[in-house]
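Peer 1: Predicted structure and sequence below. I'll ask about it afterward.
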Amino acid sequence: VAFVVCRSLEGLKTFSYLEELILDNNLLGNDLLLPRLPHLHTLTLNKNQISFQRNTCKILLDHLAEVAPSLQYLSLLGNMACPNELVCKEKDEDDYQRYRYFVLHKLTNLKFLDTRKVTKREREEAVVRGAFMKVVKPK
């Protein structure tokens, strides 16, 4: 387990066997770049600056899928990308569920997202509609 408080993750490349990484309460954003961590199964990025601006979150999720193929637990609570009442009072459970489908579409091996276990129904829905889920309501 590594506890890191910083803006640069350059030194992580020497920990290729890392299994759990907690990066909560930093200033990390969508430009987060991790080295290849093939054994990483748990990553928490709570309370950072990750958002769903344009395609940047899609790029981040694609990056995580590539560099952390063993990832099973991810938490993004407290980021703008994770639309719940902790971040914005205008968000509701439907917004959060769309977010879950989108993340699960990108990270197909996840067993837990945030604090909830991934259900079989969610996984099936993510395969069918996840690519089209955007965490914004029409105006």
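Peer 2: In hand now; what should we look at? Numbers count the residues shown, from 1 in each chain.
Peer 1: Touching, residue 98 and residue 133? I think so.
Peer 2: Yes. Using CB atoms under 8 Å, residue 98 is in contact with residue 133, at 4.3 Å. All C-beta spots, glycine's among them, are computed from the backbone N, C-alpha and C.
Peer 1: quick one: the strands in this structure?
Peer 2: Remark: strands assigned in the chain by DSSP state E are 2-3, 20-22, 42-44, 73-75, 112-113, 116-117.
Peer 1: and the third one, how far out from the chain's middle?
Peer 2: The reference is to strand 42-44. Here strand 42-44 is found 9 Å from its chain centre; the criterion is CA atoms, centre = their mean, to the nearest Å.
Peer 1: How about the fourth one?
Peer 2: Computed by CA atoms, centre = their mean, the separation of strand 73-75 from the middle of its chain amounts to 6 Å.
Peer 1: try the second one
Peer 2: In terms of CA atoms, centre = their mean, the gap separating the centre of strand 20-22 from the centre of its chain is 13 Å.
Peer 1: Low-confidence regions, the chain specifically.
Peer 2: Within the chain, the set of residues satisfying pLDDT under 70 comprises 1-8, 54, 85-89, 134-139.
Peer 1: What segments of it are helices?
Peer 2: Per DSSP state H, the chain has helices spanning 56-67, 93-106, 120-129. These are given in chain order.
Peer 1: Output these as a markdown table; include the columns distance to residue 44 and mean neighbour count.
Peer 2: A markdown table is the format used below for the helices of the chain (distance: least, CB to CB, whole Å; neighbours: other CB atoms under 10 Å):
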| stretch | distance to residue 44 | mean neighbour count |
| --- | --- | --- |
| helix 56-67 | 12 | 17 |
| helix 93-106 | 14 | 19 |
| helix 120-129 | 20 | 14 |
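Peer 1: could I get the ones you listed as JSON lines with distance to residue 73?
Peer 2: Below are the helices of the chain laid out as JSON lines (distance: least, CB to CB, whole Å):
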{"stretch": "helix 56-67", "distance to residue 73": "12"}
{"stretch": "helix 93-106", "distance to residue 73": "12"}
{"stretch": "helix 120-129", "distance to residue 73": "15"}
